[in-house]
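Colleague: Task: produce atomic coordinates for the following.
(chains A and B)
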Amino acid sequence: MLSAEGLRHAYGRVVALDGVSLTLGPGQTLAIFGPNGAGKTTLLKVLAGLIRPQQGWARVAGGRRAIGWIGHQSHLYGHLSVLENLLFWAALYGVTSAQRGVRATAILERLGLSDQAGQPVWSLSRGLAQRAAIAKALVHDPYVLLLDEPFTGLDLAAAAQLRTLLGELRSAERVLVLATHNVDEGVELATDVAFQRRGRFVQLTPRAARGAAEIAEAYRRAMTDA
Amino acid sequence: MRELLGQAWVVARKDLVLEFRTRTALLSAVVFTALVLTVFNFGRDPTAVATIDLAPSILWVTFTFAAMLALNRAFQLELENGALEGLLVSPLSRHSLFLGKLLANLGFVGVVEAVGLPLFVLFFNVSVGPVLLPLIGVIALATVGFVSVGTLFSAMVVRTRFAELMLPVLLLPFLLLPLTYAVQATARLLAGRPLSEVSGWLKLLAAYDLVFVAVATLLFPHTVDE
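Modeller: Residues are numbered from 1 along each chain as shown, chains lettered A, B, ... in the order given. Alright, predicted model coming up:
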């Protein structure tokens, strides 16, 4: 379970979150759409425990150990190999030493990175580095996955592969929160859709049977009306 | 406690692997140490002031500035690809992060001192053989003190502009006490004074270590959280 209530946070006079509340259970995927500066990244940082909100609270069942985070940066050390990075992060997340290698190898294979396992991260292309960042976020098998513009830098095949993987995670009863400014990205994955503007959710509804075009139109209207 | 130390070791090991793989800061610090000792060796008038009077101050000035290079890089390597953000989202406790960084910095500075001490003996022709063990004790105690304070300030300034300039400005006033104690103890050891004359300075160094390791560990979480 991931829940938040009455979140408010400002950077000086700029309000990044203004009364945001949400509750997500197993198998739910919330796609948050909003323009640049809407407060999406701040919301994910609050949910991840990276920022303490000035008002309200956020809670994740299982605490920090249960969270996987894909942010704007890869969090990988350039002079460690991809595998060494995964083993390091797995150790920090409390994966047993016996399981670390198994998990890391499996996720690298799943993301098509087996051939790059021994390569230092600095030598990877942007797309491969983004895949390695996704592998890092998944290596401890998180219950809640927070994704901030996760498709950035991925080619079409890798983006499709990520969508399939996220779909599998949703089917495995994981909770996913996906923030993006691009309505076309990840809309098929969403069970719930939120439109965020100036720190507020101007709409938070189940996606139901709405398609990408319908949601894009609703988003355009919401951003105009708000 | 076991988890705290285990996670600290994971962080320290990663830092040391990165440092010994790139060797940039380590080589710079070692070369810096050799250069400073050379400059002091040729830049003094041995007929005006006896070597034995100058040597302890020169040793500690050299070690202090060489350590700055290590301390500057301690958190800067976490800025690569936003790794610090990843560490703060992870279940790694802030205290483990501090202890891990402290351990890695001690290892780094220890290597620089292990290279610097024989060079010091060579350049200044001082006899350290009979007092080697107590001298190592003084070096170890002083190093723990200033590296613990330095690790705290390194985290504090890492996200500021001109971090490399800010660190010495903030840190040096806090190093006056341990450096005074270390210089006094070293001077007495090199002058062949009895160990009973040194024990008071050693106790002061140990007290400084206890106080500042504890204070730095307690304050550290406030320096890294947003």
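Colleague: What about contact with chain A: does the lengthiest helix in chain B have any residue there?
Modeller: In chain B, taking DSSP state H as the definition, the longest helix is helix B:94-124. No: Helix B:94-124 stays clear of chain A (C-beta under 8 Å from any C-beta of the partner chain), getting no nearer than 8.9 Å. All C-beta spots, glycine's among them, are computed from the backbone N, C-alpha and C.
Colleague: which stretches of the chain form strands?
Modeller: This is for chain A. Secondary structure of chain A (DSSP state E): strands located at A:2-11, A:14-24, A:29-33, A:55-60, A:67-70, A:144-148, A:175-180, A:192-197, A:200-206.
Colleague: worst average pLDDT in those strands?
Modeller: Set side by side, the strands of chain A differ in mean pLDDT, and strand A:200-206 is lowest with a mean of 81.
Colleague: so the residue nearest to the spatial centre of chain A bridges to which residues?
Modeller: Nearest to the geometric centre of chain A sits residue A:147, at 1.1 Å (C-alpha atoms, centre = their mean). Here residue A:147 sits in beta bridges with residue A:70, residue A:178, going by DSSP bridges.
Colleague: is it true that it touches residue A:48?
Modeller: No: the criterion here is C-beta atoms under 8 Å, and residue A:147 misses it with residue A:48 at 11.0 Å.
Colleague: returning to that earlier point: now the strands of chain A in CSV, with distance to residue B:92?
Modeller: Formatted as CSV, the strands of chain A follow (distance: least, C-beta to C-beta, whole Å):
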stretch, distance to residue B:92
strand A:2-11, 21
strand A:14-24, 25
strand A:29-33, 27
strand A:55-60, 16
strand A:67-70, 12
strand A:144-148, 17
strand A:175-180, 22
strand A:192-197, 30
strand A:200-206, 31
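Colleague: how many neighbours does residue B:166 have?
Modeller: The number of residues packed near residue B:166 is 17, by other C-beta atoms under 10 Å in any protein chain shown.
Colleague: Determine the three-state secondary structure at it.
Modeller: Classification of residue B:166 by DSSP: H, G, I helix; E, B strand; the rest coil places it in helix.
Colleague: for residue A:126, what are its contacts?
Modeller: With contact taken as C-beta atoms under 8 Å, 6 or more residues apart in numbering or on different chains, residue A:126 is in contact with residue A:153.
Colleague: And the helices in chain B, which stretches?
Modeller: Counting by DSSP H, chain B has helices at residues B:2-22, B:24-42, B:51-76, B:83-89, B:94-124, B:132-157, B:163-190, B:196-224.
Colleague: Give the rounded mean pLDDT of the fifth one.
Modeller: Across helix B:94-124, the average pLDDT comes to 92.
Colleague: which stretches of the chain have low pLDDT?
Modeller: I'll assume chain A. When residues are selected by pLDDT under 70, those of chain A lie in A:225-226.
Colleague: ah, I was thinking of chain B
Modeller: Low-confidence segments of chain B (pLDDT under 70): B:226.
Colleague: Can you name the residues that contact residue 206?
Modeller: This is for chain A. Per C-beta under 8 Å, 6+ apart, neighbours of residue A:206: A:191-193.
Colleague: oops, I was thinking of chain B
Modeller: By C-beta under 8 Å, 6+ apart, the contact list for residue B:206 reads residue B:141.
Colleague: What separation do you get for it and residue A:168?
Modeller: Distance, residue B:206 to residue A:168, by C-beta to C-beta, to the nearest Å: 56 Å.
Colleague: number of nearby residues for residue B:122?
Modeller: Count around residue B:122 with other C-beta under 10 Å applied: 11.
Colleague: Around chain A, pick out the residues from chain B.
Modeller: So chain B meets chain A at B:7, B:10-11, B:14, B:17-18, B:21-22, B:77, B:80-83, B:85-92, B:225-226 (C-beta under 8 Å from any C-beta).
Colleague: For ChimeraX, what selects the buried ones among those?
Modeller: The buried subset of the residues of chain B next to chain A, as determined by 16 or more other C-beta atoms under 10 Å in any protein chain shown, is captured in ChimeraX by this line:
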select /B:7,10,11,14,17,18,77,80,81,82,83,85,86,87,88,89,90,91,92
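Colleague: what's the angle from the longest helix along chain A to strand A:144-148?
Modeller: What stands out as the longest helix in chain A, according to DSSP H, is helix A:156-171. Calculated by axes from the mean of the first three to the mean of the last three C-alpha atoms, to 10 degrees, helix A:156-171 forms an angle of 150 degrees with strand A:144-148.
Colleague: tilt between helix A:156-171 and strand A:175-180?
Modeller: Angle, helix A:156-171 to strand A:175-180, by the same axes, to 10 degrees: 150 degrees.
Colleague: Please identify the buried residues of helix A:156-171?
Modeller: In terms of neighbour count (16+ other C-beta under 10 Å), helix A:156-171 has its buried residues at A:158-159, A:161-163, A:166, A:169-170.
Colleague: and which of those residues is nearest residue B:123?
Modeller: residue A:158 (57.4 Å; C-beta to C-beta).
Colleague: State the distance from that closest one to residue A:129.
Modeller: Distance of residue A:158 to residue A:129, given as C-beta to C-beta: 11 Å.
Colleague: How about residue B:47?
Modeller: In terms of C-beta to C-beta, residue B:47 sits 61 Å off from residue A:129.
Colleague: More neighbours: these two, which one.
Modeller: residue A:129 (21 against 6).
Colleague: Tell me, how many residues neighbour residue B:210?
Modeller: Neighbour count for residue B:210, taken as other C-beta under 10 Å: 12.
Colleague: gap between it and chain A?
Modeller: From residue B:210 across to chain A, the span is 28 Å (C-beta to the nearest C-beta, to the nearest Å).
Colleague: Please export the C-alpha coordinates of the longest helix of chain A as CSV.
Modeller: Only the C-alpha atoms of helix A:156-171 are listed here, as CSV (Å, rounded to 0.1, in the frame of the first residue of the first chain):
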residue,chain,number,x,y,z
LEU,A,156,11.7,2.3,-29.4
ALA,A,157,12.7,-1.3,-28.8
ALA,A,158,14.0,-0.6,-25.3
ALA,A,159,10.9,1.5,-24.5
ALA,A,160,8.6,-1.3,-25.6
GLN,A,161,10.7,-3.7,-23.5
LEU,A,162,10.3,-1.5,-20.5
ARG,A,163,6.5,-1.2,-21.0
THR,A,164,6.3,-5.0,-21.1
LEU,A,165,8.4,-5.3,-17.9
LEU,A,166,6.3,-2.7,-16.1
GLY,A,167,3.1,-4.6,-17.2
GLU,A,168,4.5,-7.7,-15.7
LEU,A,169,5.3,-5.9,-12.5
ARG,A,170,1.7,-4.6,-12.4
SER,A,171,0.4,-8.1,-12.9
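Colleague: who touches it?
Modeller: By C-beta under 8 Å, 6+ apart, helix A:156-171 touches A:27-29, A:110-112, A:127, A:130-131, A:134, A:138, A:145, A:147, A:150-151, A:154, A:176, A:178, A:185-186, A:188-189, A:191.
Colleague: Of those, select the buried ones using a ChimeraX command.
Modeller: Of the contacts of helix A:156-171, the buried ones go into a single ChimeraX selection, burial set by 16+ other C-beta under 10 Å:
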select /A:28,29,110,111,130,131,134,138,145,147,150,151,154,176,178,185,186,189,191
